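Structure for this input, please:
(2 chains)
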Amino acid sequence: MIRRRETPKRKQSTRSSRTGVLNQLAAWLQHHRLSAADSLMRVIESPAASLLTWLVIGIALALPVGLNVALDNVSQVSNGWDSPAQISLFLQDGAADDAVRELEAELAARQDVTASRFISREEALEEFRELSGFADVLANLEENPLPNLVLVTPEATLDEPAVLALRAELEEHSDIAEAVLDMEWLQRLNTLMELSRRIVLAVGGMLVIGVLLILGNTIRLAIESRRDEIVIVKLVGGSNGFVRRPFLYTGLWYGVGGGVLAAILVSGALWFLEEPIANLALLYESAFYLSGLGVMGALNLVILGGLLGLGGAWLAVSRHLVHIEPQ
Amino acid sequence: MITFDRVSKRYAEGHDALREISLHIDSEDFAFLTGHSGAGKSTLLRLIMLMERPSRGQVIVNGQDLAAVRPRGIPKLRRDIGVVFQNHRLLFDRTVFDNVALPLVIAGYEHREIGRRVRAALDKVGLLHREWAMPRALSGGEQQRVGIARAVVGKPKILLADEPTGNLDPGLSAEIMNLFEQFNQVGVTVLIASHDLALISRLHHRIITLQQGYLVSGSSQ
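Residues are numbered from 1 along each chain as shown, chains lettered A, B, ... in the order given. Sure, this is the predicted structure:
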(Lines give C-alpha, C1' and ligand atoms only; values in the text may rest on other atoms or scores of the structure.)
Protein backbone atom coordinates (compact mmCIF):
# COMPACT_ATOMS: atom_id res chain seq x y z
CA MET A 1 0.00 0.00 0.00
CA ILE A 2 2.78 2.36 0.97
CA ARG A 3 4.77 1.47 -2.07
CA ARG A 4 1.95 2.34 -4.44
CA ARG A 5 1.36 5.70 -2.82
CA GLU A 6 4.97 6.77 -2.42
CA THR A 7 6.92 5.76 -5.47
CA PRO A 8 5.47 8.14 -8.07
CA LYS A 9 5.40 10.98 -5.56
CA ARG A 10 9.09 10.63 -4.89
CA LYS A 11 9.97 11.04 -8.54
CA GLN A 12 7.69 13.98 -9.07
CA SER A 13 8.80 15.98 -6.05
CA THR A 14 12.44 15.29 -6.76
CA ARG A 15 11.93 16.95 -10.08
CA SER A 16 9.87 19.85 -8.86
CA SER A 17 11.77 20.79 -5.70
CA ARG A 18 15.40 19.93 -5.99
CA THR A 19 16.56 20.44 -9.52
CA GLY A 20 17.26 23.52 -11.53
CA VAL A 21 19.36 26.52 -10.70
CA LEU A 22 16.25 28.65 -10.25
CA ASN A 23 14.81 26.28 -7.69
CA GLN A 24 18.08 26.20 -5.82
CA LEU A 25 18.18 29.97 -5.84
CA ALA A 26 14.61 30.08 -4.55
CA ALA A 27 15.51 27.63 -1.79
CA TRP A 28 18.56 29.69 -0.89
CA LEU A 29 16.51 32.88 -0.75
CA GLN A 30 13.84 31.13 1.27
CA HIS A 31 16.37 30.05 3.86
CA HIS A 32 17.73 33.57 4.02
CA ARG A 33 14.20 34.82 4.68
CA LEU A 34 13.62 32.15 7.31
CA SER A 35 16.97 32.77 9.02
CA ALA A 36 16.45 36.53 9.04
CA ALA A 37 12.96 36.21 10.55
CA ASP A 38 14.00 33.53 13.02
CA SER A 39 17.04 35.49 14.20
CA LEU A 40 14.98 38.65 14.56
CA MET A 41 12.44 36.75 16.65
CA ARG A 42 15.19 35.41 18.91
CA VAL A 43 16.65 38.90 19.34
CA ILE A 44 13.24 40.36 20.17
CA GLU A 45 12.24 37.49 22.45
CA SER A 46 14.95 38.40 24.96
CA PRO A 47 14.45 42.17 25.01
CA ALA A 48 16.56 42.94 28.09
CA ALA A 49 19.70 41.18 26.83
CA SER A 50 19.22 42.54 23.31
CA LEU A 51 18.68 46.07 24.56
CA LEU A 52 21.94 45.87 26.52
CA THR A 53 23.83 44.74 23.43
CA TRP A 54 22.19 47.48 21.37
CA LEU A 55 23.09 50.08 23.98
CA VAL A 56 26.72 48.99 24.15
CA ILE A 57 27.03 49.17 20.38
CA GLY A 58 24.97 52.36 20.20
CA ILE A 59 27.13 54.20 22.73
CA ALA A 60 30.35 52.94 21.18
CA LEU A 61 29.22 54.22 17.78
CA ALA A 62 27.62 57.43 19.07
CA LEU A 63 30.83 58.66 20.74
CA PRO A 64 33.04 59.03 17.66
CA VAL A 65 30.13 60.01 15.43
CA GLY A 66 28.98 62.66 17.91
CA LEU A 67 32.51 64.06 18.16
CA ASN A 68 32.72 64.10 14.40
CA VAL A 69 29.47 66.04 14.13
CA ALA A 70 30.86 68.52 16.68
CA LEU A 71 34.03 68.91 14.63
CA ASP A 72 31.99 69.44 11.47
CA ASN A 73 30.18 72.25 13.23
CA VAL A 74 33.40 73.85 14.42
CA SER A 75 34.91 73.69 10.96
CA GLN A 76 31.71 75.19 9.56
CA VAL A 77 32.37 78.17 11.84
CA SER A 78 36.05 78.38 11.04
CA ASN A 79 35.47 78.06 7.30
CA GLY A 80 34.11 81.62 7.48
CA TRP A 81 37.57 82.69 8.59
CA ASP A 82 39.49 80.92 5.91
CA SER A 83 40.74 84.19 4.42
CA PRO A 84 41.90 86.56 7.13
CA ALA A 85 39.72 89.61 7.27
CA GLN A 86 42.36 92.28 7.39
CA ILE A 87 45.82 93.36 6.26
CA SER A 88 47.46 95.95 8.48
CA LEU A 89 49.56 98.48 6.54
CA PHE A 90 52.05 100.29 8.78
CA LEU A 91 53.02 103.52 7.05
CA GLN A 92 56.47 105.07 6.79
CA ASP A 93 57.15 107.52 9.58
CA GLY A 94 57.69 110.42 7.29
CA ALA A 95 54.71 109.88 5.00
CA ALA A 96 52.87 113.12 4.36
CA ASP A 97 49.09 113.53 4.71
CA ASP A 98 48.84 113.95 0.94
CA ALA A 99 50.62 110.69 0.41
CA VAL A 100 48.22 108.97 2.82
CA ARG A 101 45.19 110.36 0.96
CA GLU A 102 46.72 109.26 -2.32
CA LEU A 103 47.25 105.76 -0.93
CA GLU A 104 43.64 105.58 0.26
CA ALA A 105 42.38 106.57 -3.18
CA GLU A 106 44.66 104.02 -4.76
CA LEU A 107 43.31 101.30 -2.44
CA ALA A 108 39.72 102.30 -3.10
CA ALA A 109 40.28 101.87 -6.84
CA ARG A 110 41.54 98.31 -6.48
CA GLN A 111 39.24 95.41 -7.39
CA ASP A 112 40.62 93.08 -4.73
CA VAL A 113 40.07 95.47 -1.82
CA THR A 114 36.60 96.07 -0.44
CA ALA A 115 37.43 98.65 2.22
CA SER A 116 40.24 100.51 3.84
CA ARG A 117 40.32 102.56 7.02
CA PHE A 118 42.97 105.03 8.06
CA ILE A 119 43.89 105.10 11.75
CA SER A 120 46.25 107.95 12.66
CA ARG A 121 48.98 107.35 15.19
CA GLU A 122 47.18 109.65 17.66
CA GLU A 123 43.95 107.65 17.38
CA ALA A 124 45.91 104.45 17.76
CA LEU A 125 47.63 105.74 20.89
CA GLU A 126 44.30 106.84 22.37
CA GLU A 127 42.77 103.45 21.68
CA PHE A 128 45.78 101.68 23.13
CA ARG A 129 45.65 103.87 26.23
CA GLU A 130 42.00 102.97 26.81
CA LEU A 131 42.26 99.27 26.15
CA SER A 132 45.63 98.32 27.52
CA GLY A 133 45.51 99.88 31.00
CA PHE A 134 49.07 101.21 30.52
CA ALA A 135 47.88 104.82 30.58
CA ASP A 136 50.44 105.86 33.23
CA VAL A 137 53.33 104.32 31.40
CA LEU A 138 52.25 105.87 28.13
CA ALA A 139 51.96 109.31 29.74
CA ASN A 140 55.65 109.10 30.56
CA LEU A 141 56.66 108.51 26.96
CA GLU A 142 58.20 111.49 25.24
CA GLU A 143 56.82 110.65 21.86
CA ASN A 144 54.16 108.44 20.32
CA PRO A 145 55.83 105.12 19.38
CA LEU A 146 52.97 104.02 17.15
CA PRO A 147 52.97 104.42 13.36
CA ASN A 148 50.10 105.54 11.16
CA LEU A 149 48.03 102.57 10.11
CA VAL A 150 45.70 101.63 7.27
CA LEU A 151 43.46 98.58 7.75
CA VAL A 152 42.65 96.91 4.45
CA THR A 153 39.82 94.42 4.00
CA PRO A 154 40.50 92.18 1.01
CA GLU A 155 37.71 91.02 -1.29
CA ALA A 156 35.92 88.15 0.49
CA THR A 157 36.23 85.79 -2.45
CA LEU A 158 40.03 85.86 -2.44
CA ASP A 159 41.66 82.64 -1.36
CA GLU A 160 44.69 82.36 0.85
CA PRO A 161 47.47 82.61 -1.80
CA ALA A 162 45.71 85.58 -3.42
CA VAL A 163 45.58 87.42 -0.09
CA LEU A 164 49.25 86.61 0.47
CA ALA A 165 50.06 88.03 -3.00
CA LEU A 166 48.06 91.17 -2.23
CA ARG A 167 49.98 91.63 0.99
CA ALA A 168 53.33 91.30 -0.79
CA GLU A 169 52.25 93.72 -3.49
CA LEU A 170 51.13 96.34 -0.97
CA GLU A 171 54.37 96.03 0.95
CA GLU A 172 56.23 97.14 -2.21
CA HIS A 173 54.50 100.50 -1.98
CA SER A 174 56.94 103.29 -1.14
CA ASP A 175 54.80 104.76 1.65
CA ILE A 176 54.26 101.47 3.42
CA ALA A 177 56.83 100.27 5.91
CA GLU A 178 55.28 96.90 6.56
CA ALA A 179 52.17 94.98 5.56
CA VAL A 180 51.10 92.40 8.15
CA LEU A 181 48.74 89.55 7.57
CA ASP A 182 48.02 87.68 10.75
CA MET A 183 47.60 84.09 9.64
CA GLU A 184 49.27 82.25 12.43
CA TRP A 185 46.21 81.91 14.60
CA LEU A 186 44.27 80.55 11.64
CA GLN A 187 46.98 78.04 10.85
CA ARG A 188 47.01 77.03 14.49
CA LEU A 189 43.26 76.57 14.45
CA ASN A 190 43.43 74.50 11.30
CA THR A 191 46.22 72.36 12.70
CA LEU A 192 44.24 71.89 15.88
CA MET A 193 41.21 70.85 13.85
CA GLU A 194 43.29 68.37 11.89
CA LEU A 195 44.68 66.98 15.13
CA SER A 196 41.19 66.66 16.61
CA ARG A 197 40.00 64.86 13.50
CA ARG A 198 42.81 62.36 13.82
CA ILE A 199 42.08 61.82 17.50
CA VAL A 200 38.42 61.24 16.70
CA LEU A 201 39.46 58.86 13.94
CA ALA A 202 41.77 56.94 16.27
CA VAL A 203 39.19 56.76 19.05
CA GLY A 204 36.56 55.80 16.48
CA GLY A 205 38.81 53.08 15.11
CA MET A 206 39.35 51.62 18.55
CA LEU A 207 35.66 51.75 19.38
CA VAL A 208 34.82 50.08 16.07
CA ILE A 209 37.22 47.26 16.91
CA GLY A 210 35.59 47.12 20.34
CA VAL A 211 32.16 46.82 18.75
CA LEU A 212 33.42 44.02 16.50
CA LEU A 213 34.78 42.11 19.48
CA ILE A 214 31.66 42.67 21.60
CA LEU A 215 29.47 41.42 18.77
CA GLY A 216 31.82 38.54 18.12
CA ASN A 217 31.57 37.53 21.75
CA THR A 218 27.79 37.86 21.81
CA ILE A 219 27.53 35.64 18.76
CA ARG A 220 30.01 33.19 20.25
CA LEU A 221 27.73 32.85 23.28
CA ALA A 222 24.74 32.38 20.99
CA ILE A 223 26.63 29.63 19.16
CA GLU A 224 27.56 27.92 22.43
CA SER A 225 23.98 28.03 23.69
CA ARG A 226 22.79 26.35 20.49
CA ARG A 227 25.59 23.82 20.21
CA ASP A 228 23.24 20.80 20.34
CA GLU A 229 21.09 22.25 17.64
CA ILE A 230 24.10 22.88 15.40
CA VAL A 231 25.25 19.29 15.84
CA ILE A 232 21.79 17.97 14.93
CA VAL A 233 21.52 20.23 11.89
CA LYS A 234 24.93 19.03 10.69
CA LEU A 235 23.91 15.42 11.29
CA VAL A 236 20.87 15.68 9.06
CA GLY A 237 22.89 17.30 6.28
CA GLY A 238 23.01 21.02 7.02
CA SER A 239 25.98 22.67 5.31
CA ASN A 240 28.25 25.14 7.08
CA GLY A 241 26.53 27.91 5.19
CA PHE A 242 23.15 26.74 6.43
CA VAL A 243 24.36 26.66 10.03
CA ARG A 244 26.13 29.99 9.68
CA ARG A 245 23.23 31.98 8.25
CA PRO A 246 21.06 32.50 11.36
CA PHE A 247 24.08 33.66 13.37
CA LEU A 248 25.12 36.14 10.70
CA TYR A 249 21.59 37.54 10.75
CA THR A 250 21.68 37.72 14.55
CA GLY A 251 24.84 39.82 14.25
CA LEU A 252 23.20 41.95 11.60
CA TRP A 253 20.19 42.67 13.83
CA TYR A 254 22.37 43.53 16.80
CA GLY A 255 24.44 45.85 14.61
CA VAL A 256 21.46 47.52 12.95
CA GLY A 257 19.76 48.03 16.33
CA GLY A 258 22.99 49.49 17.72
CA GLY A 259 23.24 51.83 14.72
CA VAL A 260 19.65 53.02 15.22
CA LEU A 261 20.33 53.65 18.92
CA ALA A 262 23.55 55.51 18.05
CA ALA A 263 21.63 57.76 15.63
CA ILE A 264 19.02 58.42 18.33
CA LEU A 265 21.73 59.18 20.92
CA VAL A 266 23.56 61.62 18.65
CA SER A 267 20.33 63.33 17.60
CA GLY A 268 19.26 63.52 21.24
CA ALA A 269 22.56 65.10 22.28
CA LEU A 270 22.30 67.66 19.46
CA TRP A 271 18.72 68.49 20.43
CA PHE A 272 19.90 68.91 24.01
CA LEU A 273 22.62 71.39 22.90
CA GLU A 274 20.60 73.20 20.26
CA GLU A 275 19.01 75.89 22.43
CA PRO A 276 22.10 77.04 24.38
CA ILE A 277 24.09 77.13 21.14
CA ALA A 278 21.40 79.15 19.39
CA ASN A 279 21.46 81.59 22.34
CA LEU A 280 25.24 81.79 22.19
CA ALA A 281 25.16 82.44 18.45
CA LEU A 282 22.60 85.19 19.04
CA LEU A 283 24.90 86.84 21.57
CA TYR A 284 27.70 86.83 19.03
CA GLU A 285 25.28 88.10 16.36
CA SER A 286 26.16 85.07 14.32
CA ALA A 287 23.94 83.22 11.88
CA PHE A 288 25.43 79.96 13.10
CA TYR A 289 23.12 77.05 13.72
CA LEU A 290 23.91 73.55 14.86
CA SER A 291 23.80 71.11 11.97
CA GLY A 292 22.86 67.57 12.88
CA LEU A 293 23.37 64.11 11.46
CA GLY A 294 20.80 64.46 8.72
CA VAL A 295 18.86 61.58 7.22
CA MET A 296 21.87 60.35 5.28
CA GLY A 297 24.11 60.52 8.33
CA ALA A 298 21.64 58.51 10.38
CA LEU A 299 21.23 56.01 7.55
CA ASN A 300 25.00 55.66 7.22
CA LEU A 301 25.21 55.03 10.94
CA VAL A 302 22.63 52.24 10.70
CA ILE A 303 24.43 50.74 7.71
CA LEU A 304 27.77 50.97 9.54
CA GLY A 305 26.18 49.25 12.53
CA GLY A 306 24.81 46.51 10.30
CA LEU A 307 28.17 45.95 8.61
CA LEU A 308 29.94 45.80 11.97
CA GLY A 309 27.30 43.33 13.18
CA LEU A 310 27.88 41.12 10.16
CA GLY A 311 31.64 41.44 10.57
CA GLY A 312 31.59 40.54 14.25
CA ALA A 313 29.28 37.61 13.61
CA TRP A 314 31.53 36.45 10.80
CA LEU A 315 34.54 36.56 13.13
CA ALA A 316 32.76 34.45 15.74
CA VAL A 317 31.21 32.06 13.26
CA SER A 318 34.40 31.39 11.32
CA ARG A 319 36.29 30.74 14.55
CA HIS A 320 33.79 28.64 16.46
CA LEU A 321 31.33 27.00 14.11
CA VAL A 322 33.85 24.85 12.27
CA HIS A 323 34.86 23.18 15.52
CA ILE A 324 31.35 22.03 16.34
CA GLU A 325 31.11 18.65 14.67
CA PRO A 326 28.88 15.71 15.58
CA GLN A 327 30.68 13.35 17.96
CA MET B 1 24.34 0.06 -1.60
CA ILE B 2 26.87 -0.11 1.24
CA THR B 3 30.24 -1.78 0.79
CA PHE B 4 33.09 -2.10 3.27
CA ASP B 5 36.37 -3.36 1.87
CA ARG B 6 38.92 -4.34 4.55
CA VAL B 7 38.08 -1.35 6.67
CA SER B 8 39.95 -0.68 9.91
CA LYS B 9 39.47 2.11 12.36
CA ARG B 10 42.08 2.79 15.00
CA TYR B 11 41.59 5.70 17.37
CA ALA B 12 44.41 8.02 18.34
CA GLU B 13 44.80 6.37 21.73
CA GLY B 14 45.56 3.04 20.03
CA HIS B 15 42.17 1.39 20.46
CA ASP B 16 41.12 -0.65 17.42
CA ALA B 17 37.39 -0.15 16.93
CA LEU B 18 37.13 -2.02 13.64
CA ARG B 19 39.56 -4.53 12.17
CA GLU B 20 39.61 -5.52 8.52
CA ILE B 21 35.85 -5.38 8.03
CA SER B 22 34.56 -6.44 4.61
CA LEU B 23 30.85 -6.59 3.98
CA HIS B 24 28.28 -5.69 1.39
CA ILE B 25 24.67 -4.63 1.86
CA ASP B 26 22.53 -4.64 -1.26
CA SER B 27 20.02 -2.06 -2.24
CA GLU B 28 16.67 -2.59 -0.48
CA ASP B 29 18.28 -4.95 2.05
CA PHE B 30 17.29 -5.07 5.70
CA ALA B 31 20.16 -5.90 8.04
CA PHE B 32 20.84 -5.83 11.76
CA LEU B 33 24.21 -5.02 13.17
CA THR B 34 24.80 -6.60 16.54
CA GLY B 35 27.45 -7.28 19.13
CA HIS B 36 28.33 -6.24 22.66
CA SER B 37 28.82 -2.61 23.44
CA GLY B 38 32.26 -1.64 22.27
CA ALA B 39 32.20 -4.20 19.48
CA GLY B 40 32.28 -1.44 16.86
CA LYS B 41 28.62 -1.09 15.84
CA SER B 42 28.47 2.66 16.31
CA THR B 43 31.85 3.18 14.68
CA LEU B 44 30.65 1.32 11.60
CA LEU B 45 27.56 3.53 11.34
CA ARG B 46 29.65 6.65 11.91
CA LEU B 47 31.92 5.69 9.02
CA ILE B 48 28.92 5.39 6.70
CA MET B 49 27.74 8.90 7.44
CA LEU B 50 31.29 10.32 7.53
CA MET B 51 31.23 11.37 11.14
CA GLU B 52 34.58 9.65 11.02
CA ARG B 53 36.99 8.40 8.41
CA PRO B 54 38.51 4.93 8.34
CA SER B 55 42.19 4.41 9.16
CA ARG B 56 42.48 1.87 6.34
CA GLY B 57 40.24 0.35 3.70
CA GLN B 58 37.48 1.60 1.48
CA VAL B 59 33.84 2.46 2.19
CA ILE B 60 31.44 2.83 -0.72
CA VAL B 61 27.96 4.20 -0.08
CA ASN B 62 25.39 4.53 -2.83
CA GLY B 63 28.09 4.07 -5.45
CA GLN B 64 30.32 6.75 -3.97
CA ASP B 65 33.79 6.11 -2.57
CA LEU B 66 33.71 8.03 0.71
CA ALA B 67 37.46 8.66 0.59
CA ALA B 68 36.73 10.99 -2.32
CA VAL B 69 34.11 13.00 -0.42
CA ARG B 70 35.60 16.29 0.73
CA PRO B 71 34.36 18.07 3.87
CA ARG B 72 32.19 20.31 1.68
CA GLY B 73 30.52 17.24 0.22
CA ILE B 74 29.59 15.69 3.57
CA PRO B 75 26.26 17.56 4.01
CA LYS B 76 25.04 16.32 0.64
CA LEU B 77 26.00 12.74 1.50
CA ARG B 78 24.15 12.97 4.82
CA ARG B 79 21.03 14.30 3.12
CA ASP B 80 20.76 11.00 1.28
CA ILE B 81 20.99 8.97 4.51
CA GLY B 82 18.28 8.96 7.16
CA VAL B 83 19.57 8.38 10.66
CA VAL B 84 17.73 7.45 13.84
CA PHE B 85 19.66 7.99 17.07
CA GLN B 86 19.30 6.16 20.36
CA ASN B 87 18.90 9.43 22.28
CA HIS B 88 16.57 10.85 19.60
CA ARG B 89 18.58 14.05 19.15
CA LEU B 90 15.51 16.21 18.77
CA LEU B 91 15.43 20.01 19.00
CA PHE B 92 13.61 20.54 22.26
CA ASP B 93 12.73 24.16 21.62
CA ARG B 94 10.89 23.37 18.37
CA THR B 95 7.60 21.67 17.72
CA VAL B 96 7.33 18.13 16.45
CA PHE B 97 6.45 19.55 13.04
CA ASP B 98 9.57 21.75 12.93
CA ASN B 99 11.77 18.85 14.03
CA VAL B 100 10.53 16.62 11.25
CA ALA B 101 10.67 19.47 8.74
CA LEU B 102 14.37 20.17 9.42
CA PRO B 103 15.87 17.93 6.70
CA LEU B 104 13.43 19.38 4.15
CA VAL B 105 14.25 22.96 5.14
CA ILE B 106 17.93 22.11 4.76
CA ALA B 107 17.33 20.52 1.37
CA GLY B 108 15.45 23.66 0.34
CA TYR B 109 11.98 22.31 -0.23
CA GLU B 110 9.19 24.72 -0.86
CA HIS B 111 6.94 25.66 2.04
CA ARG B 112 3.79 23.85 0.93
CA GLU B 113 5.73 20.76 -0.07
CA ILE B 114 7.34 20.68 3.39
CA GLY B 115 3.93 20.76 5.09
CA ARG B 116 2.63 17.95 2.91
CA ARG B 117 5.64 15.70 3.40
CA VAL B 118 5.97 16.31 7.13
CA ARG B 119 2.33 15.38 7.67
CA ALA B 120 2.75 12.29 5.53
CA ALA B 121 5.79 11.21 7.58
CA LEU B 122 4.05 11.93 10.90
CA ASP B 123 1.01 10.05 9.70
CA LYS B 124 3.18 7.03 8.93
CA VAL B 125 4.61 6.94 12.44
CA GLY B 126 1.18 7.60 13.93
CA LEU B 127 1.90 11.03 15.37
CA LEU B 128 -0.06 13.31 13.07
CA HIS B 129 -2.21 14.47 15.98
CA ARG B 130 0.89 15.65 17.88
CA GLU B 131 2.42 17.82 15.15
CA TRP B 132 2.26 21.03 17.22
CA ALA B 133 3.37 19.42 20.49
CA MET B 134 6.80 20.11 21.95
CA PRO B 135 9.07 17.03 22.14
CA ARG B 136 9.24 17.18 25.95
CA ALA B 137 5.51 16.59 26.12
CA LEU B 138 5.96 13.24 24.34
CA SER B 139 6.80 9.83 25.79
CA GLY B 140 10.10 8.15 24.98
CA GLY B 141 8.49 5.94 22.34
CA GLU B 142 6.79 8.94 20.75
CA GLN B 143 10.03 10.91 20.71
CA GLN B 144 11.72 8.01 18.97
CA ARG B 145 8.95 7.95 16.37
CA VAL B 146 9.48 11.68 15.76
CA GLY B 147 13.15 10.84 15.21
CA ILE B 148 12.13 8.17 12.71
CA ALA B 149 9.77 10.55 10.91
CA ARG B 150 12.63 13.04 10.63
CA ALA B 151 14.92 10.32 9.26
CA VAL B 152 12.53 9.26 6.52
CA VAL B 153 10.86 12.56 5.60
CA GLY B 154 13.53 13.35 3.00
CA LYS B 155 12.92 9.96 1.33
CA PRO B 156 16.49 8.73 1.78
CA LYS B 157 17.71 5.61 0.01
CA ILE B 158 19.46 4.45 3.17
CA LEU B 159 18.11 4.41 6.71
CA LEU B 160 20.55 3.88 9.58
CA ALA B 161 19.52 3.42 13.20
CA ASP B 162 21.76 3.24 16.26
CA GLU B 163 20.02 1.31 19.07
CA PRO B 164 16.61 2.72 18.12
CA THR B 165 14.86 0.61 20.76
CA GLY B 166 17.51 1.06 23.43
CA ASN B 167 15.26 2.63 26.02
CA LEU B 168 11.90 1.15 25.03
CA ASP B 169 9.88 -1.72 26.42
CA PRO B 170 9.47 -4.86 24.24
CA GLY B 171 6.01 -3.93 22.92
CA LEU B 172 7.12 -0.47 21.76
CA SER B 173 10.36 -1.94 20.38
CA ALA B 174 8.41 -4.36 18.19
CA GLU B 175 6.29 -1.47 16.91
CA ILE B 176 9.39 0.56 16.01
CA MET B 177 10.92 -2.43 14.20
CA ASN B 178 7.67 -2.87 12.32
CA LEU B 179 7.95 0.73 11.13
CA PHE B 180 11.46 0.08 9.81
CA GLU B 181 10.19 -2.97 7.96
CA GLN B 182 7.51 -0.87 6.32
CA PHE B 183 10.09 1.59 5.04
CA ASN B 184 12.20 -1.30 3.79
CA GLN B 185 9.19 -2.52 1.85
CA VAL B 186 9.07 0.72 -0.14
CA GLY B 187 12.67 0.27 -1.20
CA VAL B 188 14.75 1.84 1.55
CA THR B 189 17.96 0.04 2.52
CA VAL B 190 17.86 -0.37 6.29
CA LEU B 191 20.76 -1.01 8.67
CA ILE B 192 19.98 -1.17 12.37
CA ALA B 193 22.55 -1.47 15.14
CA SER B 194 21.01 -3.24 18.12
CA HIS B 195 22.14 -5.51 20.91
CA ASP B 196 18.59 -6.70 21.61
CA LEU B 197 19.19 -10.22 20.25
CA ALA B 198 15.84 -11.55 21.47
CA LEU B 199 14.03 -8.98 19.40
CA ILE B 200 16.07 -9.12 16.22
CA SER B 201 16.27 -12.89 16.00
CA ARG B 202 12.47 -12.99 15.82
CA LEU B 203 12.44 -10.77 12.75
CA HIS B 204 14.26 -13.07 10.30
CA HIS B 205 16.53 -10.55 8.67
CA ARG B 206 20.22 -10.70 7.97
CA ILE B 207 22.27 -10.28 11.16
CA ILE B 208 25.80 -8.94 11.01
CA THR B 209 27.73 -9.68 14.20
CA LEU B 210 30.76 -7.78 15.38
CA GLN B 211 33.06 -8.81 18.19
CA GLN B 212 35.90 -6.66 19.43
CA GLY B 213 36.12 -4.98 16.05
CA TYR B 214 36.08 -8.19 14.01
CA LEU B 215 33.25 -9.31 11.78
CA VAL B 216 32.28 -12.75 13.08
CA SER B 217 29.17 -13.55 11.05
CA GLY B 218 26.79 -12.16 8.43
CA SER B 219 29.38 -10.71 6.02
CA SER B 220 27.16 -11.79 3.12
CA GLN B 221 23.61 -12.96 2.87
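
Which of the three states applies to the closest residue to A:Trp54 other than its chain neighbours?
Among residues not flanking A:Trp54 along the chain, A:Gly257 sits closest, at 4.1 Å (C-beta to C-beta, 6 or more residues apart in numbering or on different chains). All C-beta atoms are positioned from the backbone trio N, CA, C, and that covers glycine. Judged by DSSP: H, G, I helix; E, B strand; the rest coil, the three-state class of A:Gly257 is helix.

any idea how far A:Gly257 lies from chain B?
For A:Gly257, the distance to chain B equals 23 Å [C-beta to the nearest C-beta, to the nearest Å].

doesn't A:Ile57 make contact with that residue?
Yes: applying C-beta atoms under 8 Å, one finds A:Gly257 in contact with A:Ile57, separated by 7.4 Å.

Need the overlap of contacts for the two.
Residues touching both A:Gly257 and A:Ile57 (C-beta atoms under 8 Å, 6 or more residues apart in numbering or on different chains) are A:Gly305.

ok so, going back, could you tell me the per-residue confidence at the residue nearest to A:Trp54?
On the pLDDT scale, A:Gly257 is placed at 94.

who's more crowded, A:Gly257 and A:Ile57?
Taking other C-beta atoms under 10 Å in any protein chain shown, A:Gly257 and A:Ile57 do not tie; A:Ile57 has more neighbours (30 against 24).

which residues touch the more buried one?
Applying C-beta under 8 Å, 6+ apart, the residues contacting A:Ile57 are A:211, A:214-215, A:254-255, A:257-259, A:261-262, A:305, A:308-309.

can you tell me the helix or strand for whatever residue of the stretch 51-200 of chain A ends up closest to chain B?
Per C-beta to the nearest C-beta, A:Thr53 is where the stretch 51-200 of chain A lies closest to chain B, at 20.6 Å. Per DSSP states H and E, A:Thr53 falls inside helix A:47-79.

cool, and B:His24?
Assigning secondary structure by DSSP H and E places B:His24 in strand B:16-25.

Counting by contacts, list what that strand packs against.
strand B:2-10, helix B:41-48, strand B:56-61, strand B:206-211, strand B:214-217 (3 or more C-beta pairs under 8 Å, 6 or more residues apart in numbering or on different chains; DSSP states H and E).

do that again at 7 Å, thanks
strand B:2-10, helix B:41-48, strand B:214-217 (3 or more C-beta pairs under 7 Å, 6 or more residues apart in numbering or on different chains; DSSP states H and E).

now for the following helix or strand past it, which elements pack on it?
Next helix or strand after strand B:16-25 toward the C-terminus (DSSP H and E): strand B:30-34. With contacts taken as 3+ C-beta pairs under 7 Å, 6+ apart, strand B:30-34 sits against strand B:189-193, helix B:197-201, strand B:206-211.

Contacts for the longest one, please.
Strand B:206-211 has contacts (C-beta atoms under 7 Å, 6 or more residues apart in numbering or on different chains) with B:23, B:29, B:31-35, B:39-41, B:200, B:215-218, B:221.

Provide a ChimeraX selection command restricted to the buried entries of the residues you listed.
To isolate the buried ones among these in ChimeraX, judged by 16 or more other C-beta atoms under 10 Å in any protein chain shown, type:
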select /B:23,29,31,32,33,34,35,39,40,41,200,215,218
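
nearest residue to B:Pro164 other than its sequence neighbours?
Per C-beta to C-beta, 6+ apart, closest to B:Pro164 is B:Val84, 4.8 Å.

Could you do A:Leu213 as well?
Closest to A:Leu213 by C-beta to C-beta, 6+ apart is A:Gly312, at 7.2 Å.

again with B:Ile25
Closest residue to B:Ile25 apart from its sequence neighbours, by C-beta to C-beta, 6+ apart: B:Ile2 at 4.3 Å.

quick one: contacts for that neighbour?
B:25, B:48, B:61, B:158, B:191.

Next: A:Val203.
Counting by C-beta under 7 Å, 6+ apart, the residues that A:Val203 touches are A:Pro64.

8 Å instead, please
Neighbours of A:Val203 in contact, by C-beta under 8 Å, 6+ apart: A:63-64, A:67.

Kindly report the same for A:Gly259.
A:57-58, A:61, A:301-306.

Can you give me the distance of it to A:Leu71?
Distance from A:Gly259 to A:Leu71, counting by C-beta to C-beta, to the nearest Å: 20 Å.
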